[in-house]
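J.: sequence? don't have it. structure:
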């Protein structure tokens, strides 16, 4: 039994209306602790540009830092479209620190109008939040990827959401012998051919829609995974007013394909005005 309370200062990150790159929206953030300093990465949407090719409100990845987790400074755009595979936007980052490196996975958009073949996972690595090394990760449709903060049985381990065009989406585990495997198209094609061997099943019915929400957290009881859930998403049809809930599962510390605990339902649902947009 636990209770989740919203802090009075919410929302702690708001759009900057006189800033071109994040004047429309700031949301879908992910924090990471760095010795008492909190770094956050988030999706920012620009003010509309009527002459821009593609989406008029362009998504990029923003950055901010805080000493108390509430008040943020040094806001700036850090991941913007520079490669063909992210030409139409960079969305929904998730960051994990391993050693002295921050691994930022994000959704890269290469087609407009948006389509499944143009939605892929990308990675930006940094040690100083100033210079970034980019890689395209998945050769297939995917998003919402996050790296575990520790190796599992000696392997770099990640969780991600794939086959967005399918009903339902699939949450799966990927384990790498070395970092370079994450950038290897052939490795991913072999992994994808046996996708059902890598899946976990947090959804309660075949009509539920799920997506990884944040990087895993290690606890004494297992890896804590926070994810979004839309109950009966496919059963009720596209005209239904869905409610996105936040739920959690625990994965076995040594076998992340094994679910050892699960919340009975959402512990956060949209209540406040800033959650209902």
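T.: Here it is on my side, so go on. The structure presented is a predicted model; accordingly, all values stated were derived computationally and were not measured. Residues are numbered from 1 along each chain as shown.
J.: quick one, helices of the stretch 51-200 of the chain?
T.: Assigned by DSSP state H, counting those that start in this stretch, the stretch 51-200 of the chain shows helices spanning 185-193.
J.: where does it dip in pLDDT?
T.: 167 (pLDDT under 70).
J.: how about a cut-off of 80?
T.: For the stretch 51-200 of the chain, the stretches with pLDDT under 80 are 164-168.
J.: Tell me where it has strands.
T.: Using DSSP state E, counting those that start in this stretch, the strands of the stretch 51-200 of the chain run over 59-66, 73-79, 90-98, 101-109, 119-126, 133-136, 142-147, 156-162, 170-176, 199-200.
J.: Is it possible to get TSV of those strands that adds mean neighbour count and distance to residue 221?
T.: From N, CA and C alone the C-beta is placed, and that goes for glycine too. Putting the strands of the stretch 51-200 of the chain into TSV (neighbours: other CB atoms under 10 Å; distance: least, CB to CB, whole Å) gives the following:
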stretch	mean neighbour count	distance to residue 221
strand 59-66	22	29
strand 73-79	16	34
strand 90-98	22	20
strand 101-109	25	25
strand 119-126	22	28
strand 133-136	15	33
strand 142-147	26	19
strand 156-162	23	17
strand 170-176	20	18
strand 199-200	16	16
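J.: Export those to TSV and append columns for distance to residue 40.
T.: Converted to TSV, the strands of the stretch 51-200 of the chain look like this (distance: least, CB to CB, whole Å):
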stretch	distance to residue 40
strand 59-66	5
strand 73-79	9
strand 90-98	8
strand 101-109	11
strand 119-126	14
strand 133-136	20
strand 142-147	14
strand 156-162	20
strand 170-176	23
strand 199-200	27
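J.: among those strands, which is nearest residue 53?
T.: strand 101-109 (12.7 Å; CB to CB).
J.: circling back: looking at the strands of the stretch 51-200 of the chain, which is nearest to residue 250?
T.: strand 199-200 (11.1 Å).
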